[in-house]
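Engineer: Structure, please.
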Amino acid sequence: METTQTTAETQSAEKNKLLRILGVGFGLAVVVGGMIGVGILRTPGIVAANLGSAWLILAVWVFGGVYTLIAANSYAELGTMLPKAGGPYVFAKRTYGEFGGFLIGWSDWFLNTCAAAYLAVAASEYCAALFPALADSVPLVAVAILLFFSALHWFGVRAGSGAQKLTSLLKVVLFFVLIVACFIFGERQNLAEIGQTTQGLFANPLTAFVAVILSLQAVVETYAGYNSVVYFSEENTNPSRNIPRSLFGGVLTVTVIYLLVNLALLYVLPVSGIAASKLPAADAASSVFGEMGGTIITVLSLISLLSIVNVVIMQTPRTLFAMSRDGLFTIKATTVNKGGTPAIALILTILLAMILAASGTFESLFAVTAFMGVTVDCSVFLALLVLRKTEPDLPRPFKARGYPALPLFILIFSVLLLIAYVISNTTNSLFALTIMILSYPIFLIIRTLNKNREAGNI
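Structural biologist: Numbers count the residues shown, from 1 in each chain. The predicted model follows:
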């Protein structure tokens, strides 16, 4: 009887074990694919309207890349030091204990699920732009997109990884085609305008400061998603080497693409034209490709969004899986199918995402989750500093460069972003904070139920 029980436990453990099959190629694809979205097609207009100078525009985009590299620097140390599935949750639990881990993990899972819903709806809107017959079926198309990617990931990690490599490569190629076309076929603008600034921008220092801060916030948002690779640390064949390479290589690739896109826009459009446009990339494409320009940008936007949807749906269940494995959610969510996918965690994630996508309630929730997202970032950057003090002997295959100056800088900057968000979105921030506080009784209930189950009381 004892032998039979041991064999069954071994088989169950193997069944619920994630597959260690992902390499640096997937890491680069998930970082690049998770970052490049519609933001780079829209945000240049916002930045140009705020700053009005080509040199300032390029400077804030460079700053965005440097900021993200410094943030990746912290994630690289934590991801290689604690190479487990779950992303920020893993670092939070190790640093702040069970409730701290639950709070960050639950917030991260919820905001990513909302993001999946939002991105699927956005993708469905671009589908409707390409195929007008779908205009009245946007919610249904969004649900269909979520179901498609959930079915893809149900087949396993290899299917999801292959899809990510393909969509990320396609996205990068299309962006480079657009950039090259602008320089080859676009009509060159008057270089004298490059140094111009909007009239009176620097006449008032406060106005100039606000303009720069708003631009930086918009640019930093376009670099979001750079940390996606750490959700898969446990499935990486060599996390000590591959995670830093994926983070830094991916961020550098995206930074170069973003700078080239802005240079291409400045080459074919005047700064004033970029500032006046809601979608300057479409205007640039129209100047190069004519009437087909709008369709080309729509296709590029759709592919970009679908690539991010694939990343989010692939990474989000791993947070729920990790929490469940640590006794902070139902044990059933630790189920991993033969393909290496956390099956129950995937089902729960997709069900909530579909409900949000179909109902449209994600729009109000998305504003709330923005607060959670910045809070998660702050917790991660603080975790690196705390763990250096409390657990100095932990193996660190990669140590964050410039310690403690760079990790401290990124923490302070993230806290300032959080404060700025609270000031500009006080109501949503208070609502998000209330939700996070109310998570404590939920945490107590879950922990009690799991302890009773382990004791055989239920």
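
Engineer: For Gly65, the count of nearby residues, please.
Structural biologist: 18 (other Cβ atoms under 10 Å). Using the backbone N, CA and C atoms, a C-beta is placed for each residue, glycine as well.

Engineer: For it, which non-adjacent residue is spatially closest?
Structural biologist: Spatially, and ignoring its direct neighbours in sequence, Gly65 is nearest to Thr255 (3.2 Å; Cβ to Cβ, 6 or more residues apart in numbering).

Engineer: ok, now which ones touch the one you found?
Structural biologist: 61-62, 64-65, 68-69 (Cβ atoms under 8 Å, 6 or more residues apart in numbering).

Engineer: Tell me if it really is in a helix.
Structural biologist: Yes - remark: Thr255 belongs to a helix, assigned using DSSP: H, G, I helix; E, B strand; the rest coil.

Engineer: what about it, distance to Ile297?
Structural biologist: Distance, Thr255 to Ile297, using Cβ to Cβ, to the nearest Å: 21 Å.

Engineer: Please apply the same query to Leu352.
Structural biologist: With distances taken as Cβ to Cβ, Leu352 is found 31 Å from Ile297.

Engineer: And for Ile347?
Structural biologist: Distance of Ile347 to Ile297, computed by Cβ to Cβ: 35 Å.

Engineer: The two: which is more packed in?
Structural biologist: Ile297 (25 against 16).

Engineer: Leaving out sequence neighbours, find the closest residue to that one.
Structural biologist: In space, and not counting its chain neighbours, Ile297 is closest to Ala282: 4.3 Å by Cβ to Cβ, 6+ apart.

Engineer: What of Thr298?
Structural biologist: Leaving aside its chain neighbours, Thr298 sits nearest to Ala129 (5.1 Å; criterion: Cβ to Cβ, 6+ apart).

Engineer: Now do the residue nearest to Ile297, the pLDDT please.
Structural biologist: What the model reports as pLDDT for Ala282 is 93.

Engineer: Would you confirm that it contacts Pro44?
Structural biologist: No - using Cβ atoms under 8 Å, Ala282 is not in contact with Pro44, being 11.3 Å away.

Engineer: By residue count, what's the longest helix in the protein?
Structural biologist: Longest helix in the chain by number of residues (criterion: DSSP state H): helix 88-130.

Engineer: Now do the helix or strand encompassing Asn73: which elements does it pack against?
Structural biologist: Using DSSP states H and E, Asn73 sits in helix 54-81. Under the contact criterion of 3 or more Cβ pairs under 8 Å, 6 or more residues apart in numbering; DSSP states H and E, helix 54-81 touches helix 39-51, helix 205-222, helix 239-268, helix 362-390, helix 405-424.

Engineer: Backbone dihedrals for Asn236, both of them.
Structural biologist: Note on Asn236: its backbone torsions stand at phi -90, psi 140 [degrees, to the nearest 10].
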